[in-house]
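Undergrad: Next one to model:
(one chain, ligands or ions: 1)
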Amino acid sequence: MMSDAAAPMPSADGLGCGEPTVLRERGQREVFCGLASIVWLHRKIQDAFFLIVGSRTCAHLMQAAAGVMIFAEPRFATAVIEERDLAGRGDMDAALDGIVGRLIARRPDIRLLFLVGSCPSEVIKYDLDRAAARLGQAHGPGVRILTWSGSGLETTFSQGEDRCLASMVPAAPAIGADAAPQLLVVGALAEVVEDQFGRLFDALGVGPVAFLPPRRAEALPAIGPATRFLLAHPWLGETAQALQARGAARLAAPFPLGAEGTTAWLKAAATAWGVPEDRFEAVTAAGRARATEALARHRERLAGKRLFLFPDSQIEVPLARMLARELGLVPVEVGTPYLHRDHLAPELALLPETRLSEGQDVERQLDRCRQARPDLVVCGLGLANPLEAEGLTTKWSIELLFTPIQGYDQAADLAELFARPLIRRAALAQ
Ligand code: SF4
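TA: Numbering: from 1, shown residues only. As a prediction, this is how the structure comes out:
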């Protein structure tokens, strides 16, 4: 867990003519650190290994967050750096070299090793970039070594994914400006979702298509001025910057949540590839119809329910847009840890009028939530139990990261995540 104890400084920030007013807060926050993203990333890149350079606290977090994977050969571990190792840089180098050497000897399947930084001040002072370069020389080219920080002082849990993907961009091969345009879908998606999108792009004639992160490290896609990329998640600001620095162009779009978001997201790529309108309609009609029909079942239960979102992963704005426009929920407050004005512009244009808050001062926000008495609260694990005890119905926001929710065929699963707590509350009341 992390906290930022800066003095509370709420302020209202007008984004410009016709744009919403944002309540900006800086105070105590309640959110997991970036290491938590390893829980979904390690399943995604199948020949990668995540070695956290950290403390016993980091090891405990990972054990608790990913403890269910005891039956598999794990693809992450924590190199617990003892104080003895920190007496001098030489000791730390030797300790890390020994751990990495033994790991690679025991696991010849590893092609990509991430050294993941953490909070302890000794780890912050240690130069992980230098260590990655040294170890890369020792174990390359068979094993590539990259580094990123999952420290709770710098990252919330979804930003861990951003740091990880951004670290991969400089390692990707290059494509020139004269190459045919290539589509890159950026953000870890469940394989079933990736396959569905792959089929839709194929039917539209959009491509070639690659995904970042790839399923295997050696399939790291080439990047350059011919790359057009679509973000699959709203928390990938640094990765987008790194891609743009290599000449790639971002296709602005809402995020692929719900029938409307998925259609607009696909449309951004179709427009860039000059796909005729009738072909787009023909390819997307069946998926849209399936999603709309499946959502109608949930709309009955959810329409008119008041929704309060605490800031957690940055998915809050696209999520509120989808829940409001496709299921009829009424957002009372949409909190987000960071509002990326540029990447979220297409979302903000669709979001119904509501209170938007950026950053967090958790006590003030809890007061606003209690006062509003919403029907459903989306929040982190740490806030859910106390709010349930006060009679509020909650949904754990972290479930949105572990459940495939993007695309037409997952729209109903997304709706169900919100219907379930209301059904449970109604059953308990009876
Ligand atoms: S990186 Fe920091 S916040 Fe995260 S588990 Fe380690 S010590 Fe805790």
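Undergrad: Tell me if I'm right that L319 and L400 touch.
TA: Yes. Counting by CB atoms under 8 Å, L319 touches L400, with 6.9 Å between them. (Each C-beta comes from the backbone N, C-alpha and C, glycine too.)
Undergrad: Surely F49 is in a helix?
TA: No. Counting by DSSP: H, G, I helix; E, B strand; the rest coil, F49 falls outside a helix, being strand.
Undergrad: Pick out whichever of L319 and L400 has more residues nearby.
TA: Taking other CB atoms under 10 Å, L319 and L400 do not tie; L319 has more neighbours (30 against 20).
Undergrad: what's the pLDDT at G90?
TA: What the model reports as pLDDT for G90 is 59.
Undergrad: got the residues of the stretch 251-400 of the chain near the ligand?
TA: Counting by CB under 6 Å from any ligand atom, no position of the stretch 251-400 of the chain is adjacent to the ligand.
Undergrad: For the stretch 251-400 of the chain, just list every one of the strands.
TA: 306-309, 330-336, 355-360, 376-379, 394-396 (DSSP state E, counting those that start in this stretch).
Undergrad: Tell me which of those sits most buried.
TA: Of all the strands of the stretch 251-400 of the chain, strand 376-379 has the most neighbours on average by mean count of other CB atoms under 10 Å, namely a mean of 26.
Undergrad: Now R297. Nearest residue, chain neighbours left out?
TA: Ranked by CB to CB, 6 or more residues apart in numbering and with sequence neighbours excluded, the top spatial neighbour of R297 is A412, at 7.3 Å.
Undergrad: right, I mislabeled it, should have said Y408
TA: Counting by CB to CB, 6+ apart, Y408 lies nearest to G287, which is 3.4 Å off, once chain neighbours are set aside.
Undergrad: these two touch, right, that neighbour and R199?
TA: No. Counting by CB under 8 Å, G287 does not reach R199; the two are 9.9 Å apart.
Undergrad: Pick out whichever of the two has more residues nearby.
TA: Taking neighbours as other CB under 10 Å, G287 and R199 compare with G287 leading, 20 against 12.
Undergrad: burial measure for V193, as a count.
TA: 19.
Undergrad: OK, contacts around it?
TA: Shown in contact with V193 (CB atoms under 8 Å, 6 or more residues apart in numbering): P404, Q406, G407, Q410.
Undergrad: circling back: what pLDDT does the residue nearest to Y408 get?
TA: At G287, the pLDDT value in this model is 97.
Undergrad: Could you tell me which residues make contact with it?
TA: L200, A259, T262, G407, Y408, D409.
Undergrad: is it possible to export those to TSV including neighbour count?
TA: Below are those laid out as TSV (neighbours: other CB atoms under 10 Å):
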residue	neighbour count
L200	20
A259	24
T262	27
G407	29
Y408	24
D409	16
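Undergrad: Tell me the one of those nearest the ligand?
TA: Checking the contacts of G287 against the ligand by CB to the nearest ligand atom gives G407 as the nearest, at 31.1 Å.
Undergrad: Surely the closest one and P256 touch.
TA: Yes. With contacts counted by CB under 8 Å, G407 reaches P256, the gap being 5.8 Å.
Undergrad: any common contacting residues for those two?
TA: By CB under 8 Å, 6+ apart, the residues touching both G407 and P256 are F197, T262.
Undergrad: Which pair of the contacts of G287 spans the longest distance?
TA: Pairwise distances across the contacts of G287 peak at 13.1 Å for L200 and A259 (criterion: CB to CB).
Undergrad: and R228, that's in a helix?
TA: No. Judged by three-state DSSP, R228 forms no part of a helix; its state is strand.
Undergrad: Look at it and say how many residues are nearby.
TA: Neighbours around R228, by other CB under 10 Å: 18.
Undergrad: Run through the residues that contact it.
TA: R228 makes contact with P181, Q182, L183, L184, A248, A249, R250, L251, A269, A272 under the criterion CB under 8 Å, 6+ apart.
Undergrad: Dump these to TSV, plus distance to V209.
TA: TSV is the format used below for these (distance: CB to CB, whole Å):
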residue	distance to V209
P181	11
Q182	8
L183	5
L184	8
A248	14
A249	15
R250	16
L251	12
A269	9
A272	12
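Undergrad: Mind checking which of the residues you listed are in strands?
TA: Of the positions in these, Q182, L183, L184, A249, R250 sit in strands, assigned by DSSP state E.
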